[in-house]
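In: I'd like to go over a predicted model; first the sequence, then the structure.
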Amino acid sequence: MEYRVLLAESDRLMLERLGQVVNDTPNFTLAAKFQNVSDALGQGTVFNPNLILLDIEQPGGMGLIDEFKKVYPTAAILCMGEKWQAENASHSVKAGAKGYIIKPFTGVELQETVDTFSRLGSEAGSETLVFFSPKGKSGKTTLIANLAMALARKTREPVGIIDADLQFGDMAVFFNLAPQTTIVEAVRDTKFLSPASLSSYYMPVAPNVSVLCGTKTPNMIDKVSIHRLENLIAMSRSLFRYILIDVPAGFNPTSIAAAEASTTTFVMSMINGGYEIDHMKRALDIFRDWEDMETRVKTIFTRVEPCDSRSKLELSQKLGYPVTEIIPNEYTIVSDAADKGKMATDIRPDSPLSRQVDRLADNIIGRQHRIRWAAS
């Protein structure tokens, strides 16, 4: 697609610099540039732009989005700022902008940012799924990996996995990855990044599936502050239709922050003949402060035998809360798949495990389709 760009930037030197970048980028033409916003609103229509690069860090900048939408109803608006601010980015998208880019930017960054919002639309419809376990040893990693593959296969849309189990995350081991960059580098650099440049920190593991690996050693947990983790999640919403986040067991600052940022939090426990029901009840009590708990908090039990509707009903009755899904005990298949470097759902697509994962994916896709944005 060819882009005719209207550039509105209050700083004169930055205006000239960005104008040159636009003109030097293939498929982009600088149709007009304005230092004064009033001039851009009053004179720019004659240039018929289909992409507006708008500086929103000037006084009243956020309110300008609505004004530009009225004057240029068919043009896409891309907001600009000197650093990533999750709140500004989120507000700009909710106001009608297609995305947020850090200035000064290169032609590659401009192209990647436009490609991203053209493919995805905006962060408004991205679904963030957090997988939490009260006690650990719940099968979270296996489920997340196989579910990500199922979502990507069924929707052909981008899926991202964030390994936020900061001390003992094992997504890198599960996918046999040797990451050069991890969540540590990503959160460190978020203040310099835009969504397009953040994508390079994720490692592709399958078509439309990418992983942001966890820390390389447990002592690096202190390198990931809660504020920067929240920024990372917010920025990732502009990259992926679905974000699956693995968090540490138990309630701690990391798991709480991720849950608060989630669209849906899955509370998981593995049936092992112990106190799983009691642990789940106590975990659910923590979430009862959420007004939307019943739609936002889902429960999953793994290694359930027999894995049938009757078992699911019995678990729901014991828990006193609906059980969203039950996963059978398929350790042999999972182990065999791991040895072959594949997903269990790939080597045995007809297995009970695969069927249950597919069912959970269909459940998630059904919710997503009710909230997703209109195609760009």
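Out: Looks like it arrived, so ask away.
In: against residue 289, how distant is residue 296?
Out: Using Cβ to Cβ, to the nearest Å, residue 296 is found at 12 Å from residue 289. Every C-beta, even on glycine, is put in place using the N, C-alpha and C of the backbone.
In: to clarify, my last question referred to residue 271.
Out: Here the distance between residue 271 and residue 289 works out to 27 Å (Cβ to Cβ).
In: who's more crowded, those two?
Out: Under the neighbour definition other Cβ atoms under 10 Å, residue 271 and residue 289 were set side by side, and residue 271 has more, 18 against 7.
In: packing partners of the helix or strand where residue 18 lies?
Out: Secondary-structure assignment from DSSP states H and E places residue 18 in helix 12-24. Under the contact definition 3 or more Cβ pairs under 8 Å, 6 or more residues apart in numbering; DSSP states H and E, helix 12-24 sits against strand 3-8, strand 28-34, strand 51-55, helix 107-120.
In: go with 6 Å
Out: Contacts of helix 12-24 with other secondary structure elements, assessed using 3 or more Cβ pairs under 6 Å, 6 or more residues apart in numbering; DSSP states H and E, are made with strand 3-8, strand 28-34.
In: mind checking which of these is nearest residue 99?
Out: Using Cβ to Cβ as the measure, strand 3-8 is the one of the helices and strands packed on helix 12-24 that comes nearest residue 99, at 13.5 Å.
In: strand partners of that closest one, parallel vs antiparallel please.
Out: Strands flanking strand 3-8 in the sheet, each with its direction: strand 28-34 (parallel), strand 51-55 (parallel) (DSSP bridges).
In: the ones you listed: which one's closest to residue 12?
Out: Of all those, strand 28-34 sits nearest to residue 12, with 10.2 Å by Cβ to Cβ.
In: related to what we said a few turns ago, next, the angle from the helix holding residue 18 to helix 107-120.
Out: Angular relation of helix 12-24 and helix 107-120 on a 0 to 180 degree scale: 70 degrees, by axes from the mean of the first three to the mean of the last three Cα atoms, to 10 degrees.
In: mind listing what's buried along helix 12-24?
Out: Judged by neighbour count (16 or more other Cβ atoms under 10 Å), helix 12-24 contains these buried residues: 14-15, 18-19, 21-22.
In: just how off-centre is that helix within its chain?
Out: The chain centroid and the centroid of helix 12-24 are separated by 31 Å, computed with Cα atoms, centre = their mean, to the nearest Å.
In: circling back to that earlier point, could the strands paired with strand 3-8 go into a markdown table alongside mean pLDDT and distance to residue 240?
Out: Putting the strands paired with strand 3-8 into a markdown table (pLDDT from 0 to 100; distance: least, Cβ to Cβ, whole Å) gives the following:
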| stretch | mean pLDDT | distance to residue 240 |
| --- | --- | --- |
| strand 28-34 | 94 | 25 |
| strand 51-55 | 93 | 23 |
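In: any idea which of those is most buried?
Out: With neighbours defined by mean count of other Cβ atoms under 10 Å, none of those is more surrounded on average than strand 51-55, at a mean of 24.
In: gap between that strand and the chain center?
Out: The gap between where strand 51-55 is centred and where its chain is centred comes out at 24 Å by Cα atoms, centre = their mean.
In: tell me which residues are up against it.
Out: Outside of strand 51-55, the residues within contact range by Cβ atoms under 6 Å, 6 or more residues apart in numbering are 3, 5-10, 68, 75-80.
In: again, 7 Å this time
Out: Outside strand 51-55, the residues that touch it by Cβ atoms under 7 Å, 6 or more residues apart in numbering are 3-10, 18, 61, 64, 68, 72, 75-80.
In: just stretch 254-274 next, same as before
Out: Outside stretch 254-274, the residues touching it (Cβ under 7 Å, 6+ apart) are 127-134, 137-140, 164, 166, 226, 229-230, 233, 245, 247-248, 276, 279-280, 283-284, 296-304.
In: out of those, which sit inside helices?
Out: Assigned to helices by DSSP state H, the following of the contacts of stretch 254-274 qualify: 140, 226, 229-230, 233, 276, 279-280, 283-284, 296.
In: got a quick PyMOL command for the buried subset of those?
Out: A single PyMOL command is used to select the members of the ones in helices among the contacts of stretch 254-274 judged buried by 16+ other Cβ under 10 Å:
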select buried, resi 140+229+230+233+276+279+280+283+284
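In: nearest to residue 107, out of the ones in helices among the contacts of stretch 254-274: which one, please.
Out: Taking the ones in helices among the contacts of stretch 254-274 together and measuring to residue 107 by Cβ to Cβ, the closest member is residue 233, at 28.0 Å.
In: and the nearest residue to the closest one once chain neighbours are set aside, how far is that from residue 165?
Out: Excluding its sequence neighbours, the residue lying closest to residue 233 (Cβ to Cβ, 6 or more residues apart in numbering) is residue 261, at 4.8 Å. In this structure, residue 261 and residue 165 are 16 Å apart, going by Cβ to Cβ.
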